[in-house]
Each structure stands twice: as structure tokens, then as C-alpha cells.
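> sequence first, then the predicted structure:
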Amino acid sequence: MKKEELILFPFIRNLVKATITHQQLNTPHFGTVENPIHMMMHEHDIEGERFRKIAQLSSDYSPPADACGTYKVTYSLLKEFEDDLHTHIHLENNILFPKAIGTESVLKTSAV
């Protein structure tokens, strides 16, 4: 997430700003927005697999019948976190990232 916050998201903000102001955008050190996006999508896949494993090990977040309250709350919070993570990944992979790639493409085309 640190890479998203420090590198990718600021660049996406700059893409939007350049589109609004019709200014040319400098080529970033990572070449194209697709490079960090591919890295983030790979990391999303890794996290998805990690949570699939956690769900498997926890019987899909189902605590044993004799589990204490803390055990039950922990499983519930893990499930909630996984659901939030899936929403986060969906929004980035399917909405934000394609839009950023398209915006960069339009800026590159208009600069030519």
C-alpha cells in the first residue's frame, strides 16, 4: 500500500490534473502508469491468495461451537477485513486502474 500512496496515486492525480488543465505530463521514472499498476495487481493477487488460505484454514471463518467470544469476534473481523479487501481490490483493478491507463493513453495521443 505504501507504493500506491507514494508513487501510483500521486501520479494518477497528476494525470487527472494534466487532463483538466490541458498541460503536458512529464514521463515518470517508471515509464508508464501500466508498470506500477501491473505490480499492484500482482500484489492484489498475492493478498487474495493469502486470504483464500486463511479462509480455508479457518473453515471459512467459522469458529468451533465451543469458541470463546474473542475467538468469534476475531473470525468475524477477519471475514469483514477480507470483504473490505475484495471491495478495495475490485475498485482499483476494475475501475481506477483501467481509467488511469486510458487517461494516460489519451494524454500521450494528444501530445503527439
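Thanks, I have it.

> got any ranges where this protein has weak pLDDT?
Where the chain drops to pLDDT under 70, the residues are 1, 111-112.

> residue with max distance from the center of it?
Relative to the centre of the chain, and counting by CA atoms, centre = their mean, the farthest-placed residue is residue 66 at 36.8 Å.

> now do the contacts for that residue.
By CB atoms under 8 Å, 6 or more residues apart in numbering, residue 66 lies in contact with nothing. All C-beta spots, glycine's among them, are computed from the backbone N, C-alpha and C.

> sec struct for it, please.
Each residue gets one of three states, and residue 66 gets coil by DSSP: H, G, I helix; E, B strand; the rest coil.

> likewise for residue 100?
The three-state label for residue 100, taken from three-state DSSP, comes out as helix.

> now do residue 77 against residue 54, distance only.
In this view, residue 77 and residue 54 are 12 Å apart by CB to CB, to the nearest Å.

> for these two, indicate the residue with more neighbours.
A side-by-side neighbour count of residue 77 and residue 54, using other CB atoms under 10 Å, places residue 54 first with 16 against 11.

> and the more buried one, what element?
In this assignment (DSSP states H and E), residue 54 forms part of helix 34-57.

> in contact with residue 12, which residues?
Residue 12 is in contact with 33, 96, 100, 103, counting by CB under 8 Å, 6+ apart.

> who's in contact with the first one?
Yep, that's residue 33 we're talking about. 8, 11-12, 15, 100-101, 104.

> other SSEs contacting the next helix or strand after the helix holding residue 54?
For helix 34-57, the succeeding helix or strand toward the C-terminus, using DSSP H and E, is helix 69-91. Packing contacts for helix 69-91, counted by 3 or more CB pairs under 8 Å, 6 or more residues apart in numbering; DSSP states H and E, involve helix 34-57.

> buried set for the helix it packs on?
Within helix 34-57, the residues that qualify as buried by neighbour count (16 or more other CB atoms under 10 Å) are 36-37, 40, 44, 51, 54.

> and stretch 22-38, how far apart are its ends?
By CA to CA, to the nearest Å, the extent of stretch 22-38 from end to end equals 27 Å.
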